[in-house]
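**Student:** Provided below for reference: sequence and predicted model.
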Amino acid sequence: MSKRLKTAAHTRRNGIEPMPELADISARTPLVRVDAQGAFAGWHWLATGFDEVRAILSDDHRFSMIPPPTQMHGAAGRVEIGNLLRYDPPEHTRLRKMLVPEFTVRRIRRLEPFVTEIVDDCLDALELAGPPADLMPTFALPIPGLVGCALLGVPRDDAADLARHFVSTSAAATDHRTDPRERERMRAAISLVTRTQAPRRTDHRSSPHRTSDWHLPRTCWPWRPAPTTVEELLRYVSSVPNSIPRYALKDVRVGDQVIRTGEVVMCSLLAVNRAQLPGVPHDTLDITRDSSGHMAFGHGIHHCLGASLSRLELRIALPALLRRFPGLRLTVPAEQLRYRTWTPNYGVDVLPVVW
C-alpha cells in the first residue's frame, strides 16, 4: 500500500497534536510507504502500529542504524562519532556498556539532591527577575544541561557555560537549515566539552573499554509530579516524535509487508503513543491513566540511556515550579506559541508566562 503526501505527516504536528493525516494512516494500516519529499531518496516505510514499531526497533540483526552507501548523503551521511544512535552491535554494545553503570537506579537516586538544588536555583533566579518571563531559557533548558554537567562531574564554575553550549547546539546539530555561524558555535561547544572533560578521561584510557576524546562528548549529547503524571505527559507530548531511521540489511517481513534490502524505515513514536485506546472515544490527556507502556524513550537496544534521569528531572522540576508559582499562566493564547519543527526534540521556542 502506498500513499503520497505533500509533506510527510509524521514530520509535522499541529501544536502538540499529531496531524490528522497521521491519525488516518494509523487507523488504516500499521505500515505504509510514504514520500519523504527528497529525504532518504524519496519513498520510505513508515511504521505506526505498536507491534510493528516494537518489532523493528528490537531487531538489530536485520535493521541497521548505519545508512548503506546509496543513502550516505545529507544528514544521513554525517559521521557522529560516539553518538550511540549511529552505531550497531558490537560497537554499540561496547560503548553502551561503558555508560550503563552511570545510570543505575542507585546512581540516579544519588543525583536527586543535585537535581533539587539546580531546580531551586533556577526558580530563585526566575522569581528574582520577576514576571513576565520566558520559561525556556530560565527553566526548561538550563535544568537538563546543568544536571548533565553534574552527572559528568563538571566543576560548578564551568557548568553554566557548558550547559549553555549544550542548549544552543542541540537543535543546530540536526537542523539542516543551520547557518554557518551556528555551526561555528557547535564547533566551539565540542571544543569546550572536550577541554572540560579531558582531565577526567585521563584515568580511563588504560582500561579495556578505552574510548577516544570524541566519544564521551557525543555520547553525552542526547541527554536532555507523581510518576503516573510524568509518564502520561511523556506519552502525550512525545517530544521525540520519530525514531532514528533504520535500514533493512535483508528482506524483512513485518506484518503483511516486505521491507526490501536497503530500504529505509521510520517509526512514528508519536503515532504509537497517541493511538486511540480501546474504550476511549478520543485520545485525551489523563494523568490517572497507566501510561507505563509508552515508547517516548524508544525501544530495544537503543532505548534512551538517560530515561531514568529524565524522569527524575520531571518528577522534581514540575511540582517545584507549580508550588513556587501556583498562578503560573501563559501570556499569549496557546495557538500563538511557535514550535521547533526541524529538531529531534519537538517543543516551543519561547514560553512566555506570568504568575
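**Tutor:** Yep, that arrived.
**Student:** can you pull the pLDDT of the residue lying closest to residue 129 once chain neighbours are set aside?
**Tutor:** Distance criterion C-beta to C-beta, 6 or more residues apart in numbering; nearest residue to residue 129, sequence neighbours excluded, is residue 138 at 7.1 Å. For every residue, glycine as well, the C-beta is placed using N, CA and C. If you check residue 138, the pLDDT there is 92.
**Student:** Residue 138 contacts residue 126, correct?
**Tutor:** Yes: using C-beta atoms under 8 Å, residue 138 makes contact with residue 126 at a distance of 4.9 Å.
**Student:** Settle it for me: which of those two has more neighbours?
**Tutor:** Using other C-beta atoms under 10 Å as the criterion, residue 138 and residue 126 rank with residue 126 on top: 20 against 17.
**Student:** Any buried residues in whatever helix or strand that one lives in, and which?
**Tutor:** If you go by DSSP states H and E, residue 126 is part of helix 112-129. Residues 115, 118, 119, 122, 123, 126 are the ones in helix 112-129 that count as buried (16 or more other C-beta atoms under 10 Å).
**Student:** and if you look at stretch 133-145?
**Tutor:** 133, 134, 135, 136, 138, 139, 140, 141, 142, 143, 144, 145.
**Student:** Over to stretch 60-67?
**Tutor:** 60, 62, 63, 64, 65, 67.
**Student:** Could you export stretch 141-153 as PDB, CA atoms only?
**Tutor:** What follows is stretch 141-153 as a C-alpha-only set of coordinates in PDB (Å, rounded to 0.1, in the frame of the first residue of the first chain):
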ATOM      1  CA  LEU A 141      16.500  24.400  29.100                       C
ATOM      2  CA  PRO A 142      19.100  25.100  31.900                       C
ATOM      3  CA  ILE A 143      17.900  22.300  34.100                       C
ATOM      4  CA  PRO A 144      18.800  19.300  31.900                       C
ATOM      5  CA  GLY A 145      22.000  21.000  30.800                       C
ATOM      6  CA  LEU A 146      23.100  21.600  34.400                       C
ATOM      7  CA  VAL A 147      22.000  18.100  35.500                       C
ATOM      8  CA  GLY A 148      24.100  16.700  32.700                       C
ATOM      9  CA  CYS A 149      27.100  18.600  34.000                       C
ATOM     10  CA  ALA A 150      26.500  17.300  37.500                       C
ATOM     11  CA  LEU A 151      26.400  13.800  36.100                       C
ATOM     12  CA  LEU A 152      29.700  14.300  34.300                       C
ATOM     13  CA  GLY A 153      31.300  15.900  37.300                       C
END
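**Student:** quick one on the thing from earlier: turn the buried residues of stretch 60-67 into CSV, including secondary structure, pLDDT and distance to residue 102.
**Tutor:** CSV is the format used below for the buried residues of stretch 60-67 (DSSP: H, G, I helix; E, B strand; the rest coil; pLDDT from 0 to 100; distance: C-beta to C-beta, whole Å):
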residue, secondary structure, pLDDT, distance to residue 102
60, coil, 94, 22
62, coil, 96, 30
63, strand, 96, 27
64, strand, 95, 26
65, coil, 93, 22
67, coil, 85, 29
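**Student:** Mind checking which of the buried residues of stretch 133-145 are in strands?
**Tutor:** Secondary structure from DSSP state E places 133, 134 of those in strands.
**Student:** and the buried residues of stretch 133-145, which of them are in helices?
**Tutor:** Applying DSSP state H to those, the entries found in helices are 135, 142, 143, 144, 145.
**Student:** pLDDT wise, what is the last one at?
**Tutor:** Going back to what we said before, that points to residue 145. 85.
**Student:** From residue 338, how far out is it?
**Tutor:** Distance of residue 145 to residue 338, given as C-beta to C-beta, to the nearest Å: 21 Å.
**Student:** Check the burial of residue 147 by counting its neighbours.
**Tutor:** When neighbours are defined as other C-beta under 10 Å, residue 147 has 26 of them.
**Student:** My read is that it contacts residue 111, right?
**Tutor:** Yes: using C-beta under 8 Å as the test, residue 147 is close enough to residue 111 to be in contact (7.2 Å).
**Student:** contacting residues for the nearest residue to residue 247 once chain neighbours are set aside?
**Tutor:** In space, and not counting its chain neighbours, residue 247 is closest to residue 64: 4.9 Å by C-beta to C-beta, 6+ apart. Taking C-beta atoms under 8 Å, 6 or more residues apart in numbering, we find residue 64 in contact with 88, 246, 247, 248, 249.
**Student:** Setting aside sequence neighbours, what's the nearest residue to the second one?
**Tutor:** In other words, residue 246. Per C-beta to C-beta, 6+ apart, closest to residue 246 is residue 63, 4.0 Å.
**Student:** Sounds good, over and out.
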